[in-house]
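Participant: here is the input, now give the coordinates:
(one chain, ligands or ions: 1)
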Amino acid sequence: MQRTLIGDLGAHKGEEVTIKGWVSVRRDQGKMVFFDFRDRSGTVQGVVLPPPAGGLATMEIAKEIRNEYVVSVDGKVNARPEKNVNSKVQNGDIELEVMGITILAKAEPLPFDMSVDGYNLDLTTELDHRALTLRHPRLQAIFKVQAVIIDSFREYMKSQDFMEFQAPAITPATAEGGAEVFQVQYFDKKAYLTQSPQLYKQIVMTAFERVFSVNKVFRAEPSATTRHITEIVSLDAEMAFIESWTDVRDMSEETVRFVLQQVEKKCARELEVLGAVLPTMIEKTPTYSLTEAFAKLGVPEDKDLNPEQERKLCEIVKEETGSDFVYVYGYPTMKKPFYVYPNPENPEFNEGMDLLCRGVEWLSGGRRVNDYAQLMQHVEKWGMDPKKIEMFLEAFRYGAPPEGGFALGAERMTMQILGLKNIREATLFPRDMNRIDLPLSETEI
Ligand code: AMO
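Facilitator: Below you'll find the predicted structure:
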């Protein structure tokens with residue numbers, strides 16, 4: 001019989017169907033055996049009635065099955081009696097009466113309780129066993145939401161006529177500056193894993209005007225915080241013919257708004273599983289210069305907000321306006337990368353911006369220097385080797401329009417949209433200074 005997805009069973013009441021999936025839980029109750037079956041579309045409760053109704057062979061197989069066995073089940077979709085209806089769970093009004101079971105793959109006894117209610121692992125154990133814990137509905141919900149976030153970024157960019165391009169991962173130079181870069185042995189030379197597709201998105205922009213990319217970037221981040229990982233999915237955009245940095249801000253704001261709308265629309269079940277409340281984006285997200293932000297905080301001006309100040313600023317803005325988001329722009333020019341555009345009226349500060357949400361930075365961007373002579377001055381002032389970025393400079397030597405762009409970290413976005421405490425929860429296979437799949441202290445690589 002053709003396979004029916006568990007999520008569609010509600011439309012097959014009274015019918016015989018075949019489902020395929022995993023056994024989340026087996027519960028023996030007197031002469032009956034209950035199962036929670038799970039497939040990509042959800043879960044359903046099944047029951048094997050005592051023989052002869054269920055058949056002797058079916059009962060024997062049922063008794064052999066443990067959690068996480070992969071099975072094909074023939075059964076009848078019955079409406080549950082009124083008193084057994086559970087409106088809080090998916091398929092809570094039906095039950096699959098099992099007529100026959102085939103074991104497709106066996107599973108060893110589990111190292112810990114994976115049941116919906118019994119699952120209670122600390123993050124380290126959860127990550128050590130990602131290959132298994134990923135099957136838990138809570139974790140599945142996180143990564144389904146992440147898939148929708150990334151997909152919606154693409155969708156919005158395309159709707160605004162941005163073209164997707166593929167950025168390289170191996171680069172001869174560091175775009176973002178600083179020491180947070182992984183060096184790789186490239187034959188007999190040194191190269192780097194890209195920190196950002198920054199220079200490449202700017203090059204490609206000079207040919208296609210509006211471009212975006214979804215790619216891995218790498219940061220040799222030596223701090224073990226709850227918001228830093230070393231391998232990140234970066235959602236990047238770059239747009240030509242802007243009038244002001246605020247055009248970039250507005251585009252980034254509408255991108256985030258669309259992503260939030262799509263998550264709300266497509267992930268209702270996942271948000272419920274996670275008990276997540278989406279952040280509020282009001283009609284016009286408040287924007288403050290860094291100077292204004294420090295004044296709001298009532299502390300002396302510095303080169304950047306520290307994590308505590310980011311948190312505090314978000315709290316103040318939330319209270320004043322109801323917005324969970326706030327843009328901060330105008331950072332000290334020399335403290336940021338060479339490509340950021342200085343404010344012509346006050347060149348000490350730039351036209352770069354960050355978007356904070358619920359206390360954490362999600363997005364950076366701003367206007368870029370597009371004038372070749374000015375760019376060369378910056379290259380010199382920032383002490384960069386022009387030979388290493390020759391390809392980038394060539395694009396700007398031959399006519400580059402006023403432009404800007406932005407980048408979102410997909411993991412930070414997922415973390416903050418879902419209100420997770422640690423970015424590792426929002427990363428399928430997180431890499432940090434202590435872990436590549438397994439703790440580095442215990443792994444020979
Ligand atoms: P930035 O360095 O701010 O900007 O990075 C952009 C976004 O990427 C995410 N991010 C990180 N997430 C987790 N762990 C990290 N170690 C980490 N580092 C960065 C954040 C951040 O907001 N080229 C510029 C962007 C631009 O101007 O277009 C850039 O890379 O969400």
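Participant: count of residues packed around the residue in the chain positioned nearest to the ligand?
Facilitator: Nearest to the ligand, among the residues of the chain, is G409, at 2.5 Å (Cβ to the nearest ligand atom). Where C-beta positions appear, they are placed from N, C-alpha and C, glycine not excepted. G409 is flanked by 25 other residues according to other Cβ atoms under 10 Å.
Participant: please name the nearest non-neighbouring residue to V184.
Facilitator: Distance criterion Cβ to Cβ, 6 or more residues apart in numbering; nearest residue to V184, sequence neighbours excluded, is A191 at 5.2 Å.
Participant: what residues of stretch 40-58 count as buried?
Facilitator: Within stretch 40-58, the residues scored as buried using 16 or more other Cβ atoms under 10 Å are G42, T43, V44, Q45, G46, V47, V48, L49, G54, G55, T58.
Participant: could I get the average pLDDT for it?
Facilitator: Mean pLDDT, stretch 40-58: 88.
Participant: now do the end-to-end distance for it.
Facilitator: Terminal residues of stretch 40-58 lie 24 Å apart, using Cα to Cα, to the nearest Å.
Participant: now swap in stretch 261-276 and tell me
Facilitator: This stretch, stretch 261-276, spans 14 Å end to end (Cα to Cα).
Participant: how about residues contacting that stretch?
Facilitator: Stretch 261-276 has contacts (Cβ atoms under 8 Å, 6 or more residues apart in numbering) with 42, 90, 137-138, 140-142, 144-145, 148-149, 151-152, 155, 277-278, 417-419.
Participant: in the stretch 151-300 of the chain, which spans are strands?
Facilitator: 163-164, 170-171, 183-186, 189-193, 210-218, 231-240, 287-289 (DSSP state E, counting those that start in this stretch).
Participant: how far away is W362 from E310?
Facilitator: For W362, the distance to E310 (Cβ to Cβ, to the nearest Å) stands at 11 Å.
Participant: likewise N350?
Facilitator: Counting by Cβ to Cβ, the separation of N350 from E310 is 18 Å.
Participant: same check, this time on H12
Facilitator: Using Cβ to Cβ, H12 is found at 51 Å from E310.
Participant: the two - which one has more neighbours?
Facilitator: Neighbours per residue (other Cβ under 10 Å) separate H12 from E310, with E310 holding more: 23 against 14.
Participant: which helices and strands sit right next to the helix or strand hosting the more buried one?
Facilitator: Take DSSP states H and E as the rule and E310 turns out to sit in helix 307-321. Packing contacts for helix 307-321, counted by 3 or more Cβ pairs under 8 Å, 6 or more residues apart in numbering; DSSP states H and E, involve helix 290-297, strand 325-329, strand 352-357, strand 360-367.
Participant: that one close to the ligand?
Facilitator: No: judged by Cβ under 6 Å from any ligand atom, helix 307-321 stays clear of the ligand, getting no closer than 11.3 Å.
Participant: T414 is in contact with A147, isn't it?
Facilitator: No: in this structure T414 lies outside contact range of A147 using Cβ atoms under 8 Å: 9.7 Å.
Participant: between those two, who's got more neighbours?
Facilitator: T414 (24 against 14).
Participant: quick check: the more buried one vs L355, distance?
Facilitator: Per Cβ to Cβ, T414 is found 15 Å from L355.
Participant: now do R397
Facilitator: Taken as Cβ to Cβ, the span from R397 to L355 is 32 Å.
Participant: those two: which is more packed in?
Facilitator: Set R397 next to L355 and count neighbours by other Cβ under 10 Å: L355 wins out with 22 against 13.
Participant: show the contacting residues for that one.
Facilitator: Per Cβ under 8 Å, 6+ apart, neighbours of L355: S252, E253, V256, T285, F325, V326, Y327, E361, W362, L363, S364.
Participant: redo that, cut-off 7 Å
Facilitator: The contact partners of L355, by Cβ atoms under 7 Å, 6 or more residues apart in numbering, come to S252, F325, Y327, W362, L363.
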